[in-house]
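> my questions are about this predicted structure, shown below with the sequence.
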Amino acid sequence: MIGDQTLIWETDMGEYIPPTLDWVREQVELYEGSGGTEGTTLLDTGMPCIIVTHTGNKTGGIRKIPLMRVEVDGSYVLIGSMGGAPKNPVWVYNLRADPNVQIRDKTEVYDMVVREVTDEAERTKLWDAGVAAFPPYAEYQAKTERKIPVFIAEAAA
């Protein structure tokens, strides 16, 4: 952010709009700026994270968000917890509008397609994998009335 202006620049995928939250923007910049060799743990917790690049459903701009790394059978589980807040994170609506994403896992970048998991048996399996990777997810679900969305990102065809 410079003054009242948000920095926006072009990438090969379109116009990139950096995150507005300082810690999110700094995490993305460190991770991506290092080519995936630094910033690969979320907020210095030691817990591995990935960067999900997606399209904003209102702006059409390229967005990036660090999420916990939850991998199941070669696919990534994306959990819209937002720390148990009463509302979904904005990226949930972006993925519902456009399921095409790129996922950076350290130095590797994959084109993937996400789908929201609504089948209860599949959702339970993926949710349990998420809680195993990041136990606070269980606490986050307990402190909100909403059902936290679960997505699976699979290799693009």
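Nice, thanks for sending it over. Everything quoted here is computed from the prediction, not taken from an experiment.
> so what does the longest strand along the chain touch, helix or strand wise?
For the chain, the longest strand by residue count, based on DSSP state E, is strand 108-116. The contact analysis (3 or more CB pairs under 8 Å, 6 or more residues apart in numbering; DSSP states H and E) places strand 108-116 against strand 75-79, helix 90-97, strand 100-105, strand 150-155. Bear in mind the C-beta positions are built from the backbone N, C-alpha and C, glycine included.
> just send those back as CSV, with mean pLDDT and distance to residue 120 too.
Output for the helices and strands packed on strand 108-116, formatted as CSV (pLDDT from 0 to 100; distance: least, CB to CB, whole Å):
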stretch, mean pLDDT, distance to residue 120
strand 75-79, 98, 15
helix 90-97, 98, 19
strand 100-105, 97, 24
strand 150-155, 98, 11
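> can you tell which of the ones you listed is closest to residue 49?
Each of the helices and strands packed on strand 108-116 has some distance to residue 49 by CB to CB; the shortest is strand 100-105, at 9.1 Å.
> work out the sheet partners of that closest one and label each with its direction, please.
Strand 100-105 has these partner strands in its sheet, going by DSSP bridges: strand 49-55 (antiparallel), strand 108-116 (antiparallel).
> deepest of those strands, which one?
strand 49-55 (a mean of 22; mean count of other CB atoms under 10 Å).
> need the contact list for residue 76.
Residue 76 sits next to 50, 69, 70, 103, 105, 112, 152, 153 when contact means CB atoms under 8 Å, 6 or more residues apart in numbering.
> from these, which two are the most distant?
105 and 152 (14.8 Å).
> ok, residue 53 touching residue 67?
No - between residue 53 and residue 67 no contact is recorded; they are 11.3 Å apart, counting by CB atoms under 8 Å.
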